[in-house]
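Asker: pasting a predicted model and its sequence here:
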Amino acid sequence: MKAFTTTLRSIRRTLHSPQPPPITIFHRFLSAEPQTETESETDSNSVFDSSQFELPQQHNAERESGGATWDHKYRARADQLVFGGEGPKGKLKLKEEEDERRRRVLAKVLLESALYERGDDEEEDSKGLGVVKEEDQKSLSVGIIGAPNAGKSALTNSMVGTKVAAVSRKTNTTTHEVVGVLTKGDTQICFFDTPGLMLNCGGFPYRDVKVRVESAWSSVALYEVLIVIFDVHRHITRPDSRVVKLIKRMGAQSVPNQRRVLCMNKIDLVEKKKDLLKVAEEFKDLPGYERHFMTSGLKGAGVKDLTQYLMEQAVERPWDEDPFTMSEEVMKMIALEVVRERLLDHVHQEIPYDVEHRLIDWKELRDGE
Ligand SMILES: Nc1nc2c(ncn2[C@@H]2O[C@H](COP(=O)(O)OP(=O)(O)OP(=O)(O)O)[C@@H](O)[C@H]2O)c(=O)[nH]1
């Protein structure tokens, strides 16, 4: 998510630069420098000629057949220990498939939200953005915490839509990473990530990556609203005691100057709705949570209610971020950036290289593709 935000910030900076955007915005040099031909390499005397050397005799029968020289049963045992039952190839393939799936979700969310925003909310947004006087502005800072994979990024993207591209920090610190900005009418909501928040079996952050985790943990108290999010499908099928402890710990008591809400996410994966009610019942008595929400960041269910609630919590304070409107130009850049990422994924072993790619055509199809 951080990489995604950084990318979008660079898009934003480019758009607002007084200079015309350099044509090489997506043209990156990676750390490896191109090799230059040195004199010794081009000098024919230095060329290795294998015919001048005798190959050593191979006595070992295995070597002659080109097979491995180790005992296969040890290798199999090592594979079993390191990779479990699946073997290294199976694991690698699964990882590649997972990466591919995640990339698709990201690209889809980005582009869908771009198209969605231009449709329904275009008029309303264009009325509100850029014309609100500072004394009329309202703001809200929202932190989102939850275990890895709970769906924090997808939910933020869903609430923020294309405005995630609007991220351009006026201030910047390492402990607070703004991951999205939603500006609507006179109200601006900034969403913050809580980096490195990993939990030990007590539901507390790990001590070993101390500084980073502690600063992330202490920043939790700074947000006006804190969303505690968990994967409700996972909780029903394979509850994680660390997640339960986190939910209970954060909801144990209400905190002055902070409103906390509990978000049961990924509800689209739960078939029986009565299971959702059971989970809601389980956490209903925690006094720290002002509201409970059931959402699907990926499918959008419940997101409107949560956004509405957040808008209502905003306080009179000037905006921290510049508002930003979606344009076709930005959508093209997002599309280019998604393509660039894929391109680099495919050629990452072919270094040294540099990549420049250009948009030569852009067409919107009737079905919105
Ligand atoms: N079915 C379903 N899948 C979801 C939903 N939200 C997120 N996911 C999937 O869950 C996975 C994790 O989602 P993320 O949004 O990256 O989760 P995260 O909490 O930001 O994860 P970390 O960055 O690892 O902390 C992805 O594969 C998403 O596609 C949802 O509402 N429904």
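Answerer: Everything's here; your move.
Asker: hang on, isn't residue 332 packed against residue 360?
Answerer: No: under the criterion of CB atoms under 8 Å, residue 332 is not in contact with residue 360, lying 11.0 Å apart. Backbone N, C-alpha and C define where each C-beta goes, glycine included.
Asker: which residues of the stretch 51-200 of the chain lie near the ligand?
Answerer: In this structure, the stretch 51-200 of the chain approaches the ligand at residues 102, 105, 146, 148, 149, 150, 151, 152, 153, 154, judged by CB under 6 Å from any ligand atom.
Asker: among these, which ones are buried?
Answerer: Among these, the ones that count as buried by 16 or more other CB atoms under 10 Å are 146, 150, 151, 152, 153, 154.
Asker: name the nearest residue to the last one, ignoring sequence neighbours.
Answerer: Spatial nearest neighbour of residue 154, excluding adjacent residues (CB to CB, 6 or more residues apart in numbering): residue 297 at 3.6 Å.
Asker: also the first one?
Answerer: By the measure of CB to CB, 6+ apart, the closest residue to residue 146 outside its immediate chain neighbours is residue 229, 3.8 Å from it.
Asker: ok, that neighbour - how many residues close by?
Answerer: 25 (other CB atoms under 10 Å).
Asker: in a helix, that's where it is, yeah?
Answerer: No: when classified by DSSP: H, G, I helix; E, B strand; the rest coil, residue 229 is found to be strand rather than part of a helix.
Asker: check contacts around it.
Answerer: Taking CB atoms under 8 Å, 6 or more residues apart in numbering as the criterion, residue 229 is in contact with 144, 145, 146, 150, 151, 152, 155, 263, 265.
Asker: tell me how far it lies from the ligand.
Answerer: Separation of residue 229 from the ligand (CB to the nearest ligand atom, to the nearest Å) stands at 7 Å.
Asker: make 51 the starting number, not 1.
Answerer: Okay, residue one is now 51; in that scheme the one you just asked about reads as residue 279.
Asker: still on that earlier bit, tell me which of residue 382 and residue 410 has more neighbours.
Answerer: Neighbours per residue, other CB under 10 Å: of residue 382 and residue 410, the larger number sits with residue 382, 13 against 5.
Asker: which element is the more buried one on?
Answerer: Element membership of residue 382 [criterion: DSSP states H and E] is helix 378-397.
Asker: what's the answer for residue 190, then?
Answerer: When elements are defined using DSSP H and E, residue 190 is found to belong to strand 188-195.
Asker: cool, and residue 417?
Answerer: For residue 417, there is no host helix or strand (DSSP H and E).
Asker: with residue 230 instead?
Answerer: Assigned by DSSP H and E, residue 230 belongs to strand 227-234.
Asker: quick one: strands adjacent to the helix or strand just after that strand?
Answerer: As assigned by DSSP H and E, the chain's next helix or strand after strand 227-234 is strand 237-243. Neighbouring strands of strand 237-243 in its sheet, by DSSP bridges, are strand 188-195 (parallel), strand 227-234 (antiparallel).
Asker: right, and the ones you listed - which one's nearest residue 340?
Answerer: Taking CB to CB as the measure, those were each checked against residue 340, and strand 188-195 came out nearest at 13.2 Å.
Asker: for that closest one, list the C-alpha coordinates in CSV.
Answerer: Written as CSV, here are the backbone C-alpha positions of strand 188-195 (Å, rounded to 0.1, in the frame of the first residue of the first chain):
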residue,chain,number,x,y,z
LYS,A,188,-13.7,20.6,8.4
SER,A,189,-11.2,17.9,9.0
LEU,A,190,-10.9,14.5,10.5
SER,A,191,-7.9,12.1,11.0
VAL,A,192,-8.7,8.5,10.9
GLY,A,193,-6.3,5.6,11.9
ILE,A,194,-7.0,2.1,10.8
ILE,A,195,-5.5,-0.9,12.7
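Asker: can you tell me what sits against that strand?
Answerer: Outside strand 188-195, the residues touching it (CB under 8 Å, 6+ apart) are 202, 205-206, 229, 236-244, 247, 269-270, 272-279, 296, 300, 360-361, 363-370.
Asker: can you pull the buried residues of it?
Answerer: Judged by neighbour count using 16+ other CB under 10 Å, the buried positions of strand 188-195 are 188, 189, 190, 191, 192, 193, 194, 195.
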